[in-house]
Structures are given as C-alpha cells and as structure tokens.
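Trainee: Predicted model and sequence follow; I will ask about them next.
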Amino acid sequence: MSVPSLLTFTFTLRERSAAIWRPWAQRTRQLSLSWGPLLWAAGKRSSFHLVELTEAELKEQFVRGDGPGGQATNKTSNCVVLKHVPSGIVVKCHQTRSVEKNRKIAREILQEKVDLFYKGEDSDVFKEIKASEKKKQEKKRRAKENLERKKHFKEMLQLEREQT
Amino acid sequence: MRCLTPSLLRRFWGLLPQYLSVGPSQSPNLSPKQSSLRQSCSARPGLLTAPDVVSYWQKVFEKNGIPEARESSEYIVSFVLGAKTFQSLDSEKLRAPLTAVQQEQIQQLSCKRLERMPVQYVLGEWDFQNLTLKMRPPVFIPRPETEDLISLVVEEESRKCEVKNSAFSVAVPPPVILEIGCGSGAIALSLLCKIPQSRVLAVDKEEAAVDLTRENVHRLQLQGRIHVLHHNVSYGSAKHLLPWGPMDFIVSNPPYVFHEDMASLDAEILRYEDLDALDGGDDGMRVIKTILTLAPTLLKDSGSVFLEVDPRHPAMVEDWLTAQPDLFLTLRAVHKDFCGKPRFLHIQKQSR
C-alpha cells in the first residue's frame, strides 16, 4: 500500500480526533493499512458469518475526478473509496482495472474490517488471522527443527569419520 | 475486547511494502537530456524496485504534462510485472529489483504514454468487468460507466424470465441480442458471459472494430454464440439484421457527444480514438435517433432498447419519442451511472 492509503488513514484520524479512542480502535485502523490479499484470497469467505452492511450506511467515492464522464472522458483511475459511516472505517480498493469489480471487492474488505471492529476476538476474521498465523509459526518451527536435525546428523557423521 | 498481540501487529506491519520515498538526495537526476524525454527515453541504470520505477516515471510524466501521471506509471510497471494494478502486486514483487529487460519494457511503454497514447492502447489490453480484452487504436476504448449497462440488461432478462416462468412454467428461449456499434466487443462479450445461452449479433460500421471484436471473440472462445457483422445502421438495410430473427434486446453505447464538445476532449481521445465513435452530431442524438427509428422493425413485442447516453439526453429522448407515436416506443426508465449522472435509458416496444 502506498502513501494515498496513509493519507486516507490520517484524514480519518483527523476527522475523529476529538473522540477518545480505545487502543483497540486505533490498532484496527493500523490494521487497515496492510489489508488486502491477506484475507479473502484465503477462499474461505463463504463460510464466515460477518456483520451485514447496508448500502445506506456506506459512502462511496471514485477517484475519477470531475468532468463529463462517459465517452467524453478516458480516465484510467478506477479506484474506489468506500466508507462505513457508523464506524468511520474507510477502504480504498484498486485491486483490478474494473470499477465494478473494485466496488465489489471494496465491500468485501470493508465488511471484514467492520466485523473485526465490532466483534474483536469473536470475529471469524480474527480467528482466521490467528489460525493462519499459528500455521505459519508451526511451519517455521518444524523447518527449524529439521535444520537442527540435519546439522546434528552431519556433526555425528563428521565425528565418526574422525574416529576411524 | 482485548488488543491484538504485538506479534500479530508486527506481522501486519511487515506486510507493508517497503515504500521508498525518493528524497532530494535520491531523486532521479533528470539531466536536460532526460527532461525533454519526448526525443530520447533513457532508462535510469542501477538496482531499482517497482516503487522506485513508478516514482521515476511518474515524475517524468508530470514534467511532460501527461495526465494521470501516477496511475499511468503504476499500470505500466504492474503490467510488465504481470499484474493488473499496483495495489495487487505482492510484497515480494515490490521488493525485488527489476531486471534490465523489465526496465527496458517499461521504458518502451512509457515512451508511448509520453505521446499521450491512452494507457489502454499502450498496454494493448484493458479489462471490462471480468473480461480482459485486446485494445488497439483507433477502436473505441470501453468506459467504466458502461459496465453498469450490462447489469441493467442482465437484470431485465432475469425479470422477464421470472415473469414468464411463473405464468407459463415453460422454458423461456434464450434471448437474442443486437449490439449496435460493438467497438472492441466489450458489451457483446460481457452479455454473452453473463446471460448463458444468449446469442448476440454485433455490428459496427468500422472494419477495424469488426476485426478487433472478432479477435476478442476468439480469445475468449465464444465463437459459437456471436456473429460480428460489418454494417452501418445509418445506411444499410435492416434486412441484414433480421436473418437471426427479431431481437429481445437492442443494446448500444452509440456516439453521443455533442459536436460542439468534441474539440474540448482530451488529447488522448482526439489523437488516438475513432472520433466517429464519439460524435453524435449537433445535439448528440443522431445515432440514438437512428437506432430508435430502426428498433420497432427489429424488436420482438415488449423487447427493450438499452442505451448509454449523455446526461442531457433523457429529457430530449422522451420528448422525441412523444413526437414519434408511430414508433410505439416508451421510455420505461432512466438509470444513473456510478457517479450519479443520468446515463442509461431503458426504452420498450409496446405490444400491440
């Protein structure tokens, strides 16, 4: 993610600077910067039970600039900025070159973030992140073990050779 | 709710790409030669990552007055790295130094962009909904608004199916769709993909468009369900369009720019796109009127016409249709595009 995401983040913060933030809320904001392929690429989205978002709660903006639009314009910026008004969470999506797809993906990411925001550790999203984190740690641990075993085996072999 | 553990947070921060801000000491040395890059495009040597190169070309584009400097740079670099957008590049690709071959490719593409060539032509492809289509000048580049036109047709077709199914419990025959002015084939091919078993007749008055649509048809392996015809609806006979029977739908993104607005279009459009695909005459209505005049002959009863138009057209079309009672066409609905502008017309042939 690049500078524009940071700008969105700081803009959101400025808007709500008067509010007293729980540490949880702040950390969720920080999380949002690195969101993206992490979650929905896992392909298990359909089994999640997530908070439902209604269109009335959402505010959408397109980085498309002013102008007549339609045929008279050929702008390639298909970025979608989607805000969940009640929680203030903002998602910026430019994953594809299709506006329609970006709108859809933005809604999916936003739903995940809002779910995490409201449910915290009870959120399926949080559980999925923890599970994947655990798997990675397990993998690392096993790899390390294998490496040590190989090293030990080599040392044993070396010792045997020296003795003979 | 307890806070996330520090280890998890560290992991998330680690996922952030190492965005290198190019400070004054590191800024690309834009020598006088490199500043006027229209004449000579020389790539900057050395170990560079994708963000470095995006920054570099963004500055070059800005110096040369190229609009959407950052977006153009990102699309070009992403394309060379095999991705659709910069945001979709994984952190590995963002950290890895670019090869000389990649930098050379980026330079070649960027030089074209420096000539105000639209990014879609520079890359030779663009996406429309779920499809990646080949693009080639001067064939009209699909606009993002038009993606919503597809949804409208699909919704109407579902609605018709539901009504018929509940009334007759007989299988509804798959729809026949005519697209007028197919360009690259974006609308025709999207409809084919979204409405299973539909059949499409796509026509365009320009050979280049017909050729490009046929290429895209073959790329997507949809030959069996679509015919692409070189035909000018303004002059040709409607008979040519009827061998496939009367249509359920006529869909079009006809040229609708008001002639007086043509001169103020961006250089990208004026220099590279077929202006006939844009110029709709004095009031932008020339081709719209042609299509609506033909519609009653071509449509089944209760068949629909879906048009993309200029935001000023809905009222003009309604007035015009009222003055043409012999057409038996009614303006059923006006739909807005994603920017909130009135953009799409749904016109229906009354059953007599």
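Mentor: On my side now, so go ahead. Numbers count the residues shown, from 1 in each chain, chains lettered A, B, ... in the order given.
Trainee: What are the phi and psi values at whatever residue of chain A ends up closest to chain B?
Mentor: With distances taken as CB to the nearest CB, chain A approaches chain B most closely at A:Gly120, which sits 3.3 Å away. In this view, the C-beta of every residue, glycine as well, is placed from N, C-alpha and C. Note on A:Gly120: its backbone torsions stand at phi 60, psi -130 [degrees, to the nearest 10].
Trainee: Next, count neighbours for it.
Mentor: 16 (other CB atoms under 10 Å in any protein chain shown).
Trainee: That one touches A:Lys127, doesn't it?
Mentor: No. When contacts are counted by CB atoms under 8 Å, A:Gly120 is not listed as touching A:Lys127 (10.8 Å).
Trainee: re earlier: next one: the residue of chain A closest to chain B from A:Glu112, what distance?
Mentor: In this structure, A:Gly120 lies at 13 Å from A:Glu112, with CB to CB, to the nearest Å as the measure.
Trainee: Next: B:His313.
Mentor: Counting by CB to CB, the gap from B:His313 to A:Glu112 is 40 Å.
Trainee: same question, A:Pro86
Mentor: A:Pro86 is 16 Å from A:Glu112, where distance means CB to CB.
Trainee: What of A:Leu50?
Mentor: In this view, A:Leu50 and A:Glu112 are 7 Å apart by CB to CB.
Trainee: okay, these two: which has more neighbours?
Mentor: Regarding A:Leu50 and A:Glu112, a neighbour count based on other CB under 10 Å identifies A:Glu112 as having more, with 25 against 17.
Trainee: my guess is that one meets A:Phe126, correct?
Mentor: No. Under the criterion of CB under 8 Å, A:Glu112 is not in contact with A:Phe126, lying 9.9 Å apart.
Trainee: for chain A, what are the nearby residues on the stretch 201-350 of chain B?
Mentor: Proximity of the stretch 201-350 of chain B to chain A is confined to B:253, B:255-257, B:261, B:265-266, B:268-269, B:273, B:277-278, B:308, B:310-311, B:337-339, B:341, B:343 under the rule CB under 8 Å from any CB of the partner chain.
Trainee: out of those residues, which are buried?
Mentor: The neighbour count (16 or more other CB atoms under 10 Å in any protein chain shown) marks B:253, B:255-257, B:261, B:265-266, B:268-269, B:273, B:277-278, B:308, B:310-311, B:337-339, B:343 as buried among those.
Trainee: Which ones among those residues map onto helices?
Mentor: Counted as lying in helices by DSSP state H, out of these, are B:Glu268, B:Ile269.
Trainee: buried sites along the helix or strand where B:Val228 lies?
Mentor: Under the criterion DSSP states H and E, the helix or strand holding B:Val228 is strand B:226-230. Of the residues in strand B:226-230, B:Ile226, B:Val228, B:Leu229 count as buried by neighbour count, 16+ other CB under 10 Å.
Trainee: ok, so what distance separates the second one from chain A?
Mentor: Going back to what we said before, that points to B:Val228. Plainly put, B:Val228 is 21 Å away from chain A if you go by CB to the nearest CB, to the nearest Å.
Trainee: who touches that residue in this structure?
Mentor: Residues in contact with B:Val228 (CB atoms under 8 Å, 6 or more residues apart in numbering or on different chains) are B:Cys182, B:Gly185, B:Ala188, B:Ala202, B:Val203, B:Asp204, B:Val210, B:Thr213, B:Arg214, B:Val217.
Trainee: Which helix or strand contains the third one?
Mentor: Going back to what we said before, that points to B:Ala188. Secondary-structure element containing B:Ala188, defined by DSSP H and E: helix B:186-194.
Trainee: what is the mean pLDDT for that helix?
Mentor: Per-residue pLDDT over helix B:186-194 has a mean of 97.
Trainee: burial measure for B:Gly183, as a count.
Mentor: Neighbouring residues of B:Gly183 were enumerated by other CB under 10 Å; the total is 28.
Trainee: anything in contact with each of A:Leu50 and A:Glu112?
Mentor: With CB under 8 Å, 6+ apart applied, the overlap between the contact sets of A:Leu50 and A:Glu112 consists of A:Val125.
Trainee: What ranges does the chain have for its strands?
Mentor: No chain in the question, so chain A it is. Counting by DSSP state E, chain A has these strands, from start to end: A:58-62, A:80-84, A:89-93.
Trainee: try chain B instead
Mentor: Taking DSSP E, the strands of chain B run over residues B:125-128, B:131-134, B:176-180, B:199-204, B:226-230, B:247-252, B:299-308, B:329-336, B:342-349.
Trainee: Describe which strands the second one pairs with in its sheet and in which direction.
Mentor: In other words, strand B:131-134. Looking at strand B:131-134 with DSSP bridges, its partner strands are strand B:125-128 (antiparallel).
Trainee: swap in the last one?
Mentor: Partner strands and pairing direction for strand B:342-349 (DSSP bridges) are strand B:299-308 (antiparallel), strand B:329-336 (antiparallel).
Trainee: same check, this time on the fourth one
Mentor: The partner list of strand B:199-204 in its sheet, established with DSSP bridges, is strand B:176-180 (parallel), strand B:226-230 (parallel).
Trainee: For the last one, the averaged confidence score.
Mentor: Going back to what we said before, that points to strand B:226-230. 95.
Trainee: how far is that strand from where the chain is centred?
Mentor: With CA atoms, centre = their mean, to the nearest Å as the basis, the distance from the averaged C-alpha position of strand B:226-230 to the chain average is 19 Å.
Trainee: before we move on, what about the first one?
Mentor: Centre-to-centre, strand B:176-180 and its host chain are 18 Å apart (CA atoms, centre = their mean).
Trainee: So for the residue lying closest to B:Gln102 once chain neighbours are set aside, what's the pLDDT?
Mentor: Spatial nearest neighbour of B:Gln102, chain neighbours left out: B:Val80 (5.2 Å); criterion: CB to CB, 6 or more residues apart in numbering or on different chains. Looking at B:Val80, its pLDDT is 97.
Trainee: Report the contact partners of B:Val80.
Mentor: Contacts for B:Val80 (CB under 8 Å, 6+ apart) come out as B:Leu98, B:Gln102, B:Gln105, B:Ile106, B:Leu109.
Trainee: can you redo those as a markdown table with pLDDT and neighbour count?
Mentor: Shown next, in a markdown table, are these (pLDDT from 0 to 100; neighbours: other CB atoms under 10 Å in any protein chain shown):
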| residue | pLDDT | neighbour count |
| --- | --- | --- |
| B:Leu98 | 95 | 21 |
| B:Gln102 | 96 | 18 |
| B:Gln105 | 97 | 18 |
| B:Ile106 | 97 | 24 |
| B:Leu109 | 98 | 23 |
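Trainee: just those now: which is nearest chain A?
Mentor: B:Leu109 (13.5 Å).
Trainee: Was I right to think that closest one contacts B:Ser78?
Mentor: No. Between B:Leu109 and B:Ser78 there is no contact, the gap being 11.0 Å when judged by CB under 8 Å.
Trainee: Can you give me the distance of the residue nearest the centre of chain B to B:Arg136?
Mentor: In chain B, the C-alpha nearest the mean C-alpha coordinate belongs to B:Pro142, at 2.1 Å (CA atoms, centre = their mean). B:Pro142 sits 13 Å away from B:Arg136 when distances are taken as CB to CB.
Trainee: The residue nearest to the centre of chain B and chain A, how far apart?
Mentor: 10 Å.
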